[in-house]
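Colleague: Would you be able to build a 3D model of this:
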Amino acid sequence: MIEALKKEPLGKFSIYVSKEHTFGTDAVLLSDFAGSKKAKRACDLGTGCGIIPLLLLKNDSVATVDGVEIQEKGAAIAHKNVLLNGLDGVFTVHNRDLKELRGVLPSGSFDLVTCNPPYKAKDTGNPNLSEAERIARHETLCVFKDVVKAAAYLLKFGGRLCVCHRPERLADIICDMRECGVEPKIFREVIQREGEEPWLVLVEGRLGGKMGMTVMPPLYVEKNGELSDEMMMIYGDYKQGKGRQI
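Modeller: Purely as a prediction, here's the structure:
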């Protein structure tokens, strides 16, 4: 049984979320980062409620997208979002383990793979989280290298893997990507406001890519106590008293 759902506006789409299967700023930023280049076919690993596929489709960044989600309730919510928005045949949800995609999704068929992975190592952080929250936030069922291995299986040669992660895991990201043949090509820090340390990193790797990384200017979330112009563009139109329209 799916827990109580809340429906939120998503521009031309809507999205159901629950307390345990929802989304944050990091997913919105990753979808914008990954969607800067067009892709015919994409796959989102650990898709949760399906926020990243929906944002990629909303912005016409992809033609079709598959979402892989190991948690049954999360996958069920994502599928409800497919039906809610009339995306059957465009957005396909797979309730599967990303470590076991052979025979489920075709090898070498995707232009883009995205993932907002668990950030923390197993058995660290808040011990009072629910099982669903532990799976989403901690490397309980997969580690980052599992994500990269899955992406390397799915991607076409030259295809892109786009991820977000915590800055303290940057060495793991770069080492695991390179070891799996996905060369890190673009890096960007996300900083809440000028003078602070980054709280998120965005990294793009290419399967079979040549050495050489582009370091983009930092993305500042706030400026002068308000959302920066870039964040306003990413989120979309803000209307007084009506909250955000993503």
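Colleague: Next, residue 113: phi, psi?
Modeller: Backbone torsions for residue 113, taken as degrees, to the nearest 10, come to phi -120, psi 130.
Colleague: show me what contacts it?
Modeller: Residues counted as contacts of residue 113 (Cβ atoms under 8 Å, 6 or more residues apart in numbering) are 42-45, 150-151, 154-155, 159-162. Using the backbone N, CA and C atoms, a C-beta is placed for each residue, glycine as well.
Colleague: In helices, which of the residues you listed appear?
Modeller: 150-151, 154 (DSSP state H).
Colleague: Give me the distance between the residue nearest to residue 183 when sequence neighbours are not counted and residue 152.
Modeller: Counting by Cβ to Cβ, 6 or more residues apart in numbering, residue 209 is the residue found nearest to residue 183 once chain neighbours are left out, at 3.5 Å. For residue 209, the distance to residue 152 (Cβ to Cβ, to the nearest Å) stands at 12 Å.
Colleague: so what's in contact with the two at the same time?
Modeller: By Cβ under 8 Å, 6+ apart, the residues touching both residue 209 and residue 152 are residue 182.
Colleague: Give me the neighbour count for residue 103.
Modeller: Close neighbours of residue 103, defined as other Cβ atoms under 10 Å, add up to 7.
Colleague: repeat for residue 174
Modeller: For residue 174, using other Cβ under 10 Å, the count is 16.
Colleague: The one 3 residues further on too?
Modeller: Residue 177 sits with 27 neighbouring residues when counted by other Cβ under 10 Å.
Colleague: ok now do it, which residues does it touch?
Modeller: 148, 161, 183-184, 203, 205.
Colleague: Below-threshold pLDDT in the protein: ranges please.
Modeller: Low-confidence segments of the chain, defined by pLDDT under 70: 1-3, 120, 122-129, 131-140, 237-246.
Colleague: Output the longest helix belonging to this structure.
Modeller: Per DSSP H, the chain has its longest helix at helix 72-84.
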